[in-house]
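**Q** I would like to see how this sequence folds:
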Amino acid sequence: QVQLVESGGGLVQAGGSLSLSCVASGSGFSINAMGWERQVPEKQRELVAHITSGGSTNYADSVKGRFTISRDVAKNTVYLQMDNLKPGDTAVYYCYADGLHYGLSPTGFRSWGQGTQVTVSS
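**A** Modelled structure (predicted):
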């Protein structure tokens, strides 16, 4: 079983920065890609940023140029550096991991962390 734990959320003023991190733990799996999604009440969860094991990235248009995703493959950790934050970035941020459970019948999975609140005041 894969467990993801996020850290680094909080309250910041508009124009400020925050850094999020997320570490995956457990055994019997490998991770191909990791990323971040965010959700505000009564809205669908949306992709923020995604990074593959090879380092390829993609971002939501709304965060391009302001957010940077990075990853330490050896540590199964993904980071999200958020700069020039705006009130519209306020949300619960969830990290996720896409990978493969080992075994007689390897099974693909996507697991999510518990979420961390990011609040940007104007």
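
**Q** C-alpha from now on. contacts and neighbour counts both.
**A** Will do.

**Q** could you name the residue of the chain that is farthest from its center?
**A** Ranking residues of the chain by C-alpha distance from their mean position (Cα atoms, centre = their mean) puts residue 104 at the top, at 29.8 Å.

**Q** do you know how far that residue is from residue 32?
**A** Applying Cα to Cα, to the nearest Å, the value for residue 104 to residue 32 is 19 Å.

**Q** what do you get for residue 8?
**A** Taking Cα to Cα as the measure, residue 8 and residue 32 are separated by 23 Å.

**Q** likewise for residue 51?
**A** Here the distance between residue 51 and residue 32 works out to 9 Å (Cα to Cα).

**Q** out of the two, which sits in the busier spot?
**A** Under the criterion of other Cα atoms under 10 Å, the comparison of residue 51 against residue 32 puts residue 51 first, with 21 against 16.

**Q** ok, now which ones touch the closest residue to the more buried one other than its chain neighbours?
**A** In space, residue 51 comes closest to residue 57 once its chain neighbours are excluded; the distance is 4.4 Å by Cα to Cα, 6 or more residues apart in numbering. In this structure, residue 57 makes contact with 49-51, 69, judged by Cα atoms under 8 Å, 6 or more residues apart in numbering.
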